[in-house]
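Colleague: Turn this into a structure:
(4 chains)
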2 protein chains.
Amino acid sequence: MPERPEIPIYRQIADQLRAAILAGELRDGDRLPGENTLMREYGIARATARQALAVLINEGLAVARRGSGVYVRLFRPIRRHGSQRLTRWREGEAIWEADTRGRPYVVDAVHVERAEAPADVAAVLGSGQVWVRQRRYSVEERPVQLATSFYPAALAEGTRIAEADSGPGGVYARLRELGKGPSHFTEEIRGRMPMPPESRMLELPAGTPVLVVTRLAYTAEGEAVEFNQMIMDAAAYILQYDFEA
Amino acid sequence: MPERPEIPIYRQIADQLRAAILAGELRDGDRLPGENTLMREYGIARATARQALAVLINEGLAVARRGSGVYVRLFRPIRRHGSQRLTRWREGEAIWEADTRGRPYVVDAVHVERAEAPADVAAVLGSGQVWVRQRRYSVEERPVQLATSFYPAALAEGTRIAEADSGPGGVYARLRELGKGPSHFTEEIRGRMPMPPESRMLELPAGTPVLVVTRLAYTAEGEAVEFNQMIMDAAAYILQYDFEA
DNA sequence: TAGTGGTCTAGACCACTTT
DNA sequence: AAGTGGTCTAGACCACTAA
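Modeller: Numbers count the residues shown, from 1 in each chain, chains lettered A, B, ... in the order given. Alright, predicted model coming up:
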């Protein structure tokens, strides 16, 4: 086995399995050799076999199903257009429709409340009191995004922005009715591993990072009217931005 | 110890340590309790203590240094602007701490060659033969990005695009001289765990995802002149895009 | 030299899935 | 009932770091 004894056994095994996956010998959903198989085949201890499989699981290339086996992971991303998608809100259509292109989607875990803004949010919105809208998006039964939006309380108070159902056209339509329609946006994107609550809400298998998109929306006058933070299953998304030189 | 026996011991320990990190009790660079400490303190076996620490390491919250200990991880990102036209919208609004000013990039691992294009590249550039430019960027001694650019061979042949040093102003200046200056860009962003070669080149600790940015550059006439794929240490970058409704 | 993390063995019991 | 992954114990030897 130790063709290259300087490389740990569990890494050699992981490398072989990864190569098989990337070469297409093992496809999406295929079953990988399990712990017992690896123990027999390579003459190693249980923990070592687990370690090899853990490498692939932590790379997001495989998922473990208790009582069943370890399987090659699927990747069917949603394409999200950053620069073009927001042009359609004027027509009263929910922004989310643009992303899924007719694929069925579900919004749940909706939670709307008035609260004191975290320091970073307050600094941007210039308002200590905010209305907070939280929700979760799922596509084809699979949760893919958690979103939390903040709006200055002075703006949202008494409007449907402060209700669970924000009405036709969503929050942006309400803002426009207030003469505060968003016209400029900035989006910041970071990548990191999920925290446990995010992992739970998005039902993420080990080895899946999240994309954190923070969007700020401004009126034409430069007033910040929305702070929106989205936590996305990185395996579920491709973000696309178009711009000119 | 088992306040909630349904939660595995190693998770309970990891949760306590994570809470201490997020609460600021343990700061960037601080040493976490090591394996031996956890074994004594919780009366657990070695493997269990390792498992607890592995959770934090895989979340990117900690890094292990052999022979030394496990430490809380630093996060000092670089802010990368995808579209810089709307700079007035970002003054005084940096949400996440980022230090971009005056930090020079060092470029190494430069490799330029003529090759046959991969299928996806060929489909975009409309050219099977391409010149490939690879390089690595580092900031403050730390490698942060790998980049691979493809140019149609018919365009690059005989120009400095096909040389290691592309000359003043870089490749884009050469393209302009050819009357093929890029004027429209699209960038696609994905997040995933790194493959071993990427991990090695970027010297990534376990638990750090990468951001994969694929940029396509088009002339004003709509001709694709560059396919550029960047692999970025996700802990080192914030990507920012500005746009209007 | 003492302590640390990295790798590995050889067991064990459990919950869960599949047959 | 058999097989699977999830958790855990109790050891071992090693390479590396720091005092």
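Colleague: Which SSE is immediately downstream of the helix or strand bottoming out on mean pLDDT in chain A?
Modeller: Across the helices and strands of chain A, the lowest-confidence element by mean pLDDT, DSSP states H and E is helix A:95-100, at a mean of 48. As assigned by DSSP states H and E, the chain's next helix or strand after helix A:95-100 is strand A:105-116.
Colleague: Name the residues of that following strand that are buried.
Modeller: For strand A:105-116, burial by neighbour count (16 or more other C-beta atoms under 10 Å in any protein chain shown) applies to A:105, A:112. (Each C-beta comes from the backbone N, C-alpha and C, glycine too.)
Colleague: what packs against that strand?
Modeller: Helices and strands touching strand A:105-116, by 3 or more C-beta pairs under 8 Å, 6 or more residues apart in numbering or on different chains; DSSP states H and E, are strand A:129-139.
Colleague: how far does the strand it packs on sit from the chain's center?
Modeller: Centre-to-centre, strand A:129-139 and its host chain are 14 Å apart (C-alpha atoms, centre = their mean, to the nearest Å).
Colleague: Over to residue A:198. Which of the three states is it?
Modeller: Following DSSP: H, G, I helix; E, B strand; the rest coil, residue A:198 is assigned to helix.
Colleague: I'd assumed residue A:204 was in contact with it.
Modeller: Yes: Residue A:198 is in contact with residue A:204 according to C-beta atoms under 8 Å; the separation is 7.3 Å.
Colleague: okay, these two: which has more neighbours?
Modeller: Legend: neighbour count by other C-beta atoms under 10 Å in any protein chain shown for residue A:198 and residue A:204, higher for residue A:204 (21 against 17).
Colleague: Quickly note the distance from the nearest residue to that one once chain neighbours are set aside to residue A:59.
Modeller: Setting aside the residues directly before and after it, residue A:204 is nearest to residue A:194 in space (C-beta to C-beta, 6 or more residues apart in numbering or on different chains), at 5.6 Å. Computed as C-beta to C-beta, to the nearest Å, the residue A:194 to residue A:59 distance reads 15 Å.
Colleague: Then residue A:125?
Modeller: Applying C-beta to C-beta, the value for residue A:125 to residue A:59 is 39 Å.
Colleague: Please apply the same query to residue A:230.
Modeller: 24 Å.
Colleague: Could you pick out the residues of chain A near DNA strand C for me?
Modeller: Chain A comes close to DNA strand C at residues A:8-11, A:43-48, A:51, A:65-68, as judged by C-beta under 7 Å from any atom of the strand.
Colleague: Which of those are buried? Put it as a PyMOL command.
Modeller: Applied in PyMOL, the following selects the buried portion of those according to 16+ other C-beta under 10 Å:
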select buried, chain A and resi 9+10+44+48+51
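Colleague: In three-state terms, label residue A:41 for me.
Modeller: helix.
Colleague: Let me know the pLDDT of the closest residue to it other than its chain neighbours.
Modeller: Once flanking residues are discounted, residue A:41 sits nearest to residue A:33: 6.8 Å by C-beta to C-beta, 6+ apart. Residue A:33 is assigned 92 on the pLDDT scale.
Colleague: you'd agree residue A:33 is up against residue A:39?
Modeller: No: using C-beta under 8 Å, residue A:33 is not in contact with residue A:39; the gap is 9.8 Å.
Colleague: what's the span of stretch A:27-34, first residue to last?
Modeller: 16 Å (C-alpha to C-alpha, to the nearest Å).
Colleague: buried set for that stretch?
Modeller: Neighbour counts over stretch A:27-34 (16+ other C-beta under 10 Å) mark A:32, A:33 as buried.
Colleague: Is DNA strand D within reach of that stretch?
Modeller: Yes: using C-beta under 7 Å from any atom of the strand, we find that stretch A:27-34 touches DNA strand D at A:32, A:34.
Colleague: So for the residue in chain A that DNA strand C sits nearest to, what's the pLDDT?
Modeller: Nearest residue of chain A to DNA strand C, counting by C-beta to the nearest atom of the strand: residue A:67, 2.3 Å away. Residue A:67 carries a pLDDT score of 88 in this model.
Colleague: Assign a three-state SS to it, would you?
Modeller: Secondary structure assignment for residue A:67 (three-state DSSP): coil.
Colleague: and the residue nearest to residue A:204, that one's in a helix?
Modeller: No: counting by three-state DSSP, residue A:194 falls outside a helix, being coil.
Colleague: neighbours around it, how many?
Modeller: Neighbour count for residue A:194, taken as other C-beta under 10 Å: 22.
Colleague: Name whatever forms a beta bridge with residue A:226.
Modeller: When bridges are called by DSSP bridges, residue A:226 pairs up with residue A:217.
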